[in-house]
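Enquirer: sharing a model that was predicted from the sequence below.
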Amino acid sequence: MKIRFAAVLILLIAVVLPNAFAQETYVLIAPHIGIQYWQVHKAGLEAAALELGVQTFFTGVMGDSIEDQVKIMDQQVVKRPAGILIGPLNAAALTPSINRAIRAGIPVVTVDTDAPDSARLAYIGTNGYAAGQLAADMMAKLLAEKGDVGISNLLGFATCEERAAGFRDRIREKYPNMKVVAEVDDKADPEIATKTNTEMLIANPSIRGVFGVNAVSGIGMGAAAKSVNKVGKVKLIAFDPMPQTLSLIKEGVVEATMVQRTYAMSYYALKMLYDYSHGSLELVKGWNVKEAQKKVNTLPQRVDTGIMVVDKSNYTLFEEK
(Lines give C-alpha, C1' and ligand atoms only; values in the text may rest on other atoms or scores of the structure.)
Protein backbone atom coordinates (compact mmCIF):
# COMPACT_ATOMS: atom_id res chain seq x y z
CA MET A 1 0.00 0.00 0.00
CA LYS A 2 2.77 2.38 0.98
CA ILE A 3 4.67 1.54 -2.19
CA ARG A 4 1.59 2.21 -4.31
CA PHE A 5 0.97 5.54 -2.52
CA ALA A 6 4.59 6.57 -3.06
CA ALA A 7 4.34 5.71 -6.75
CA VAL A 8 1.19 7.81 -7.13
CA LEU A 9 2.82 10.70 -5.25
CA ILE A 10 5.87 10.62 -7.50
CA LEU A 11 3.61 10.61 -10.56
CA LEU A 12 1.69 13.61 -9.25
CA ILE A 13 4.90 15.51 -8.59
CA ALA A 14 6.16 14.74 -12.09
CA VAL A 15 2.94 15.92 -13.71
CA VAL A 16 1.79 18.77 -11.50
CA LEU A 17 4.95 20.50 -10.33
CA PRO A 18 6.37 21.39 -13.75
CA ASN A 19 3.05 23.06 -14.58
CA ALA A 20 2.78 24.69 -11.18
CA PHE A 21 6.20 26.24 -11.42
CA ALA A 22 6.34 26.83 -15.19
CA GLN A 23 7.10 30.46 -15.99
CA GLU A 24 5.43 32.34 -18.78
CA THR A 25 7.83 33.26 -21.57
CA TYR A 26 8.15 36.54 -23.48
CA VAL A 27 10.12 36.69 -26.73
CA LEU A 28 12.20 39.53 -28.19
CA ILE A 29 12.79 39.24 -31.95
CA ALA A 30 15.56 41.60 -33.02
CA PRO A 31 17.36 42.62 -36.19
CA HIS A 32 21.18 42.70 -36.21
CA ILE A 33 21.30 40.71 -32.94
CA GLY A 34 25.10 40.56 -33.01
CA ILE A 35 25.66 44.29 -32.53
CA GLN A 36 25.98 45.85 -29.09
CA TYR A 37 22.84 47.94 -29.53
CA TRP A 38 20.54 44.92 -29.42
CA GLN A 39 22.52 43.35 -26.60
CA VAL A 40 21.53 46.42 -24.55
CA HIS A 41 17.90 45.69 -25.46
CA LYS A 42 18.45 42.13 -24.24
CA ALA A 43 19.85 43.40 -20.93
CA GLY A 44 16.80 45.62 -20.37
CA LEU A 45 14.48 42.73 -21.21
CA GLU A 46 16.21 40.39 -18.77
CA ALA A 47 16.23 42.97 -15.97
CA ALA A 48 12.47 43.43 -16.26
CA ALA A 49 11.97 39.65 -16.44
CA LEU A 50 13.91 39.18 -13.20
CA GLU A 51 11.67 41.68 -11.44
CA LEU A 52 8.50 40.11 -12.81
CA GLY A 53 9.51 36.47 -12.33
CA VAL A 54 9.06 35.50 -15.98
CA GLN A 55 11.27 33.90 -18.61
CA THR A 56 12.53 35.53 -21.79
CA PHE A 57 13.86 34.29 -25.09
CA PHE A 58 16.06 36.54 -27.23
CA THR A 59 16.24 35.72 -30.92
CA GLY A 60 16.43 37.35 -34.34
CA VAL A 61 18.59 37.74 -37.42
CA MET A 62 22.32 38.42 -37.50
CA GLY A 63 21.99 40.76 -40.46
CA ASP A 64 19.12 42.42 -42.27
CA SER A 65 17.22 39.54 -43.88
CA ILE A 66 13.57 40.54 -43.80
CA GLU A 67 12.52 37.07 -44.96
CA ASP A 68 14.37 35.41 -42.06
CA GLN A 69 12.80 37.75 -39.52
CA VAL A 70 9.33 36.98 -40.87
CA LYS A 71 10.11 33.25 -40.61
CA ILE A 72 11.29 33.60 -37.00
CA MET A 73 8.20 35.61 -36.09
CA ASP A 74 5.89 32.98 -37.57
CA GLN A 75 7.76 30.20 -35.76
CA GLN A 76 7.36 32.00 -32.44
CA VAL A 77 3.63 32.53 -33.01
CA VAL A 78 3.22 28.75 -33.32
CA LYS A 79 4.95 28.34 -29.93
CA ARG A 80 2.41 30.72 -28.34
CA PRO A 81 4.55 32.71 -25.89
CA ALA A 82 2.91 35.02 -23.36
CA GLY A 83 3.92 38.02 -25.48
CA ILE A 84 6.23 39.15 -28.26
CA LEU A 85 8.48 42.20 -28.56
CA ILE A 86 9.80 42.84 -32.06
CA GLY A 87 11.96 45.41 -33.84
CA PRO A 88 10.66 45.02 -37.40
CA LEU A 89 13.23 45.27 -40.18
CA ASN A 90 10.42 46.21 -42.55
CA ALA A 91 7.00 47.33 -41.36
CA ALA A 92 5.03 46.15 -44.39
CA ALA A 93 6.66 42.71 -44.46
CA LEU A 94 6.18 42.05 -40.73
CA THR A 95 2.63 43.41 -40.49
CA PRO A 96 0.90 40.14 -41.56
CA SER A 97 2.91 38.14 -39.02
CA ILE A 98 2.18 40.62 -36.23
CA ASN A 99 -1.50 40.48 -37.11
CA ARG A 100 -1.45 36.67 -37.01
CA ALA A 101 0.02 36.82 -33.51
CA ILE A 102 -2.67 39.21 -32.33
CA ARG A 103 -5.42 37.02 -33.82
CA ALA A 104 -3.89 34.06 -31.98
CA GLY A 105 -4.25 35.96 -28.71
CA ILE A 106 -0.54 36.79 -28.36
CA PRO A 107 0.03 40.46 -27.45
CA VAL A 108 2.73 42.22 -29.49
CA VAL A 109 4.66 45.42 -28.78
CA THR A 110 7.12 46.88 -31.29
CA VAL A 111 10.40 48.28 -29.95
CA ASP A 112 12.95 50.57 -31.63
CA THR A 113 11.21 50.26 -35.01
CA ASP A 114 7.48 50.32 -35.59
CA ALA A 115 4.86 48.71 -37.80
CA PRO A 116 2.18 51.39 -37.39
CA ASP A 117 -0.33 49.84 -39.78
CA SER A 118 -0.26 46.49 -37.97
CA ALA A 119 -2.46 45.42 -35.06
CA ARG A 120 0.46 45.71 -32.62
CA LEU A 121 -0.69 47.01 -29.24
CA ALA A 122 2.01 49.62 -28.69
CA TYR A 123 5.30 51.02 -29.95
CA ILE A 124 8.05 52.12 -27.59
CA GLY A 125 11.17 53.78 -28.94
CA THR A 126 12.70 56.93 -30.34
CA ASN A 127 10.87 59.36 -32.59
CA GLY A 128 13.38 59.04 -35.42
CA TYR A 129 12.16 62.05 -37.37
CA ALA A 130 12.43 64.34 -34.31
CA ALA A 131 15.92 62.97 -33.61
CA GLY A 132 16.97 63.89 -37.15
CA GLN A 133 15.59 67.39 -36.67
CA LEU A 134 17.57 67.78 -33.46
CA ALA A 135 20.73 66.61 -35.25
CA ALA A 136 20.15 69.23 -37.94
CA ASP A 137 19.82 71.98 -35.32
CA MET A 138 23.03 70.79 -33.66
CA MET A 139 24.85 70.71 -37.00
CA ALA A 140 23.59 74.19 -37.89
CA LYS A 141 24.99 75.52 -34.62
CA LEU A 142 28.38 73.88 -35.26
CA LEU A 143 28.55 75.35 -38.78
CA ALA A 144 27.12 78.79 -37.97
CA GLU A 145 24.15 77.86 -40.19
CA LYS A 146 26.05 77.68 -43.47
CA GLY A 147 27.77 75.02 -45.55
CA ASP A 148 27.28 71.71 -47.32
CA VAL A 149 26.58 68.55 -45.33
CA GLY A 150 26.28 64.81 -45.95
CA ILE A 151 24.41 61.84 -44.48
CA SER A 152 25.69 58.34 -43.69
CA ASN A 153 22.55 56.20 -43.85
CA LEU A 154 21.31 52.62 -43.74
CA LEU A 155 18.99 52.69 -46.73
CA GLY A 156 15.83 50.63 -46.51
CA PHE A 157 15.76 50.48 -42.70
CA ALA A 158 12.73 52.51 -41.62
CA THR A 159 14.16 53.98 -38.42
CA CYS A 160 17.31 55.19 -40.15
CA GLU A 161 15.31 56.58 -43.06
CA GLU A 162 13.17 58.54 -40.57
CA ARG A 163 16.23 60.09 -38.95
CA ALA A 164 17.70 61.03 -42.31
CA ALA A 165 14.38 62.52 -43.44
CA GLY A 166 14.10 64.62 -40.27
CA PHE A 167 17.64 65.92 -40.79
CA ARG A 168 17.10 66.60 -44.50
CA ASP A 169 13.77 68.36 -44.05
CA ARG A 170 14.95 70.51 -41.17
CA ILE A 171 17.98 71.71 -43.15
CA ARG A 172 15.78 72.56 -46.15
CA GLU A 173 13.06 74.28 -44.14
CA LYS A 174 15.07 76.20 -41.54
CA TYR A 175 18.60 76.75 -42.83
CA PRO A 176 18.69 78.35 -46.30
CA ASN A 177 22.49 78.59 -46.33
CA MET A 178 22.95 74.88 -45.69
CA LYS A 179 22.43 72.00 -48.12
CA VAL A 180 22.57 68.20 -48.04
CA VAL A 181 24.78 67.49 -51.04
CA ALA A 182 25.52 63.76 -50.61
CA GLU A 183 24.21 60.65 -48.92
CA VAL A 184 25.80 57.19 -48.70
CA ASP A 185 24.52 53.77 -47.70
CA ASP A 186 26.95 52.50 -45.07
CA LYS A 187 25.06 49.19 -44.57
CA ALA A 188 25.67 49.49 -40.79
CA ASP A 189 29.02 47.81 -41.44
CA PRO A 190 32.27 49.40 -40.16
CA GLU A 191 34.32 48.61 -43.27
CA ILE A 192 31.64 49.72 -45.70
CA ALA A 193 30.94 52.82 -43.60
CA THR A 194 34.63 53.77 -43.71
CA LYS A 195 34.83 53.20 -47.47
CA THR A 196 31.61 55.01 -48.42
CA ASN A 197 32.25 57.99 -46.13
CA THR A 198 35.82 58.34 -47.41
CA GLU A 199 34.52 58.33 -50.97
CA MET A 200 31.86 60.90 -50.07
CA LEU A 201 34.38 63.30 -48.51
CA ILE A 202 36.76 62.97 -51.46
CA ALA A 203 34.03 63.42 -54.06
CA ASN A 204 32.48 66.37 -52.18
CA PRO A 205 35.31 68.52 -50.77
CA SER A 206 32.80 71.26 -49.87
CA ILE A 207 31.21 69.09 -47.15
CA ARG A 208 31.62 70.65 -43.71
CA GLY A 209 29.55 68.21 -41.69
CA VAL A 210 28.18 64.64 -41.76
CA PHE A 211 25.28 63.11 -39.82
CA GLY A 212 25.41 59.34 -39.27
CA VAL A 213 22.06 57.75 -38.56
CA ASN A 214 22.92 54.28 -37.24
CA ALA A 215 25.11 52.82 -34.51
CA VAL A 216 27.99 52.04 -36.88
CA SER A 217 27.95 55.22 -38.98
CA GLY A 218 30.06 57.20 -36.51
CA ILE A 219 32.86 54.62 -36.62
CA GLY A 220 33.10 54.85 -40.40
CA MET A 221 32.74 58.61 -40.44
CA GLY A 222 35.55 59.00 -37.91
CA ALA A 223 37.88 56.67 -39.81
CA ALA A 224 37.09 58.52 -43.04
CA ALA A 225 37.82 61.93 -41.53
CA LYS A 226 41.17 60.65 -40.29
CA SER A 227 42.09 59.06 -43.63
CA VAL A 228 41.52 62.27 -45.65
CA ASN A 229 42.97 64.58 -42.99
CA LYS A 230 39.69 66.33 -42.19
CA VAL A 231 39.51 65.82 -38.43
CA GLY A 232 37.99 69.00 -37.01
CA LYS A 233 37.44 70.40 -40.50
CA VAL A 234 34.34 68.26 -40.98
CA LYS A 235 31.93 68.18 -38.03
CA LEU A 236 30.57 64.70 -37.32
CA ILE A 237 27.37 63.86 -35.44
CA ALA A 238 26.83 60.16 -34.79
CA PHE A 239 24.11 57.91 -33.36
CA ASP A 240 24.24 55.59 -30.33
CA PRO A 241 27.03 55.14 -27.75
CA MET A 242 29.25 52.53 -29.40
CA PRO A 243 32.57 52.26 -27.50
CA GLN A 244 34.46 53.23 -30.68
CA THR A 245 32.24 56.28 -31.11
CA LEU A 246 32.85 57.37 -27.51
CA SER A 247 36.60 57.04 -28.13
CA LEU A 248 36.25 59.24 -31.22
CA ILE A 249 34.45 61.85 -29.11
CA LYS A 250 37.30 61.72 -26.60
CA GLU A 251 39.81 62.26 -29.45
CA GLY A 252 37.83 65.19 -30.81
CA VAL A 253 37.07 63.41 -34.09
CA VAL A 254 33.31 63.16 -33.49
CA GLU A 255 31.52 66.16 -32.00
CA ALA A 256 28.56 64.33 -30.45
CA THR A 257 26.39 61.26 -30.65
CA MET A 258 22.62 60.95 -30.27
CA VAL A 259 21.93 58.37 -27.57
CA GLN A 260 18.64 56.53 -27.26
CA ARG A 261 17.21 55.09 -24.08
CA THR A 262 17.75 51.62 -25.53
CA TYR A 263 17.71 49.68 -22.26
CA ALA A 264 14.47 51.36 -21.26
CA MET A 265 12.69 50.38 -24.48
CA SER A 266 12.65 46.62 -23.93
CA TYR A 267 12.57 46.99 -20.13
CA TYR A 268 9.30 48.92 -20.18
CA ALA A 269 7.92 47.07 -23.21
CA LEU A 270 8.08 43.80 -21.28
CA LYS A 271 6.35 45.39 -18.31
CA MET A 272 3.63 46.72 -20.61
CA LEU A 273 3.11 43.25 -22.10
CA TYR A 274 3.03 41.71 -18.63
CA ASP A 275 0.41 44.18 -17.40
CA TYR A 276 -1.66 43.58 -20.52
CA SER A 277 -1.42 39.79 -20.22
CA HIS A 278 -2.34 39.88 -16.53
CA GLY A 279 -5.21 42.31 -16.90
CA SER A 280 -3.56 44.84 -14.59
CA LEU A 281 -4.74 47.95 -16.42
CA GLU A 282 -8.06 48.72 -14.76
CA LEU A 283 -8.67 52.04 -16.52
CA VAL A 284 -12.24 52.24 -15.20
CA LYS A 285 -13.08 51.23 -11.64
CA GLY A 286 -14.82 47.88 -11.54
CA TRP A 287 -13.74 46.89 -15.06
CA ASN A 288 -13.48 43.29 -16.07
CA VAL A 289 -10.16 44.08 -17.73
CA LYS A 290 -9.86 40.82 -19.66
CA GLU A 291 -13.29 41.33 -21.21
CA ALA A 292 -12.60 45.03 -21.90
CA GLN A 293 -9.35 44.22 -23.69
CA LYS A 294 -11.30 42.20 -26.25
CA LYS A 295 -12.82 45.49 -27.43
CA VAL A 296 -10.28 48.20 -26.57
CA ASN A 297 -6.49 48.52 -26.37
CA THR A 298 -5.56 49.53 -22.83
CA LEU A 299 -1.89 50.22 -23.64
CA PRO A 300 -0.53 53.61 -24.79
CA GLN A 301 -0.15 53.23 -28.55
CA ARG A 302 3.13 55.12 -28.89
CA VAL A 303 5.78 55.92 -26.27
CA ASP A 304 8.66 58.20 -27.28
CA THR A 305 11.71 57.43 -25.14
CA GLY A 306 13.57 60.50 -26.43
CA ILE A 307 17.22 61.35 -27.12
CA MET A 308 20.21 62.21 -24.95
CA VAL A 309 23.03 64.24 -26.52
CA VAL A 310 26.46 62.89 -25.60
CA ASP A 311 29.60 64.94 -26.21
CA LYS A 312 32.96 65.65 -24.54
CA SER A 313 31.22 67.03 -21.46
CA ASN A 314 29.48 63.78 -20.52
CA TYR A 315 30.72 60.87 -22.66
CA THR A 316 32.42 59.18 -19.69
CA LEU A 317 28.98 58.51 -18.17
CA PHE A 318 28.28 56.13 -21.04
CA GLU A 319 31.53 54.18 -20.97
CA GLU A 320 31.21 50.60 -19.73
CA LYS A 321 32.74 50.22 -16.29
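Expert: Ah, there it is. Numbers count the residues shown, from 1 in each chain.

Enquirer: and the residue nearest the centre of the chain, what does it touch?
Expert: With distances taken as C-alpha atoms, centre = their mean, residue 112 lies nearest the centre of the chain, 2.9 Å away. By C-beta atoms under 8 Å, 6 or more residues apart in numbering, the residues touching residue 112 are 41, 87, 125-126, 159, 260, 262, 265. C-beta: built from backbone N, CA, C; applies to glycine.

Enquirer: which residues in the stretch 101-250 of the chain form helices?
Expert: Assigned by DSSP state H, counting those that start in this stretch, the stretch 101-250 of the chain shows helices spanning 128-142, 158-174, 190-203, 217-227, 243-251.

Enquirer: other SSEs contacting the second one?
Expert: Going back to what we said before, that points to helix 158-174. Other elements packing on helix 158-174 under the criterion 3 or more C-beta pairs under 8 Å, 6 or more residues apart in numbering; DSSP states H and E are helix 128-142, strand 147-153, strand 178-185.

Enquirer: before we move on, what about the third one?
Expert: With contacts defined as 3+ C-beta pairs under 8 Å, 6+ apart, helix 190-203 has these neighbours: strand 147-153, strand 178-185, strand 207-212, helix 217-227.

Enquirer: distance to residue 63 added to the ones you listed, as JSON lines?
Expert: Below are these laid out as JSON lines (distance: least, C-beta to C-beta, whole Å):
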{"stretch": "strand 147-153", "distance to residue 63": "17"}
{"stretch": "strand 178-185", "distance to residue 63": "14"}
{"stretch": "strand 207-212", "distance to residue 63": "19"}
{"stretch": "helix 217-227", "distance to residue 63": "17"}
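
Enquirer: picking that back up, out of the helices of the stretch 101-250 of the chain, nearest to residue 31?
Expert: Nearest of the helices of the stretch 101-250 of the chain to residue 31, taken as C-beta to C-beta: helix 158-174 at 9.7 Å.

Enquirer: buried ones in that closest one?
Expert: Neighbour-count burial for helix 158-174, with 16 or more other C-beta atoms under 10 Å as criterion, is recorded at 158-168, 170-171.

Enquirer: now do that helix against helix 128-142, angle only.
Expert: 50 degrees (axes from the mean of the first three to the mean of the last three C-alpha atoms, to 10 degrees).

Enquirer: run through who's touching helix 158-174.
Expert: Helix 158-174 is contacted from outside by 88, 90-91, 112-114, 125-126, 128-137, 139-140, 149, 151, 153-155, 178-180, 183, 211, 213-214, 239, using C-beta under 8 Å, 6+ apart.

Enquirer: buried among those? Make that a PyMOL selection.
Expert: To isolate the buried subset of those in PyMOL, counting by 16+ other C-beta under 10 Å, use the following:
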select buried, resi 88+90+91+112+113+114+125+126+128+129+130+131+132+133+134+135+136+137+139+140+149+151+153+154+178+180+183+211+213+214+239
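
Enquirer: and which of the contacts of residue 112 is nearest to residue 194?
Expert: Ranked by distance to residue 194 (C-beta to C-beta), the contacts of residue 112 are led by residue 159 at 22.0 Å.

Enquirer: may I see the helices of the stretch 101-250 of the chain organised as a markdown table, with mean pLDDT added?
Expert: As requested, those are arranged in a markdown table below (pLDDT from 0 to 100):
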| stretch | mean pLDDT |
| --- | --- |
| helix 128-142 | 97 |
| helix 158-174 | 95 |
| helix 190-203 | 97 |
| helix 217-227 | 98 |
| helix 243-251 | 96 |
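
Enquirer: so, low pLDDT: which residues of the protein?
Expert: 1-22 (pLDDT under 70).

Enquirer: next, count neighbours for residue 228.
Expert: Using other C-beta atoms under 10 Å, residue 228 has 17 neighbouring residues.

Enquirer: residues contacting it?
Expert: 198, 201-202.

Enquirer: of those residues, which is the most crowded?
Expert: residue 201 (23 neighbours).

Enquirer: list the contacts of residue 57.
Expert: 25-28, 81.

Enquirer: doesn't it belong to a strand?
Expert: Yes. Residue 57: assigned to a strand according to DSSP: H, G, I helix; E, B strand; the rest coil.
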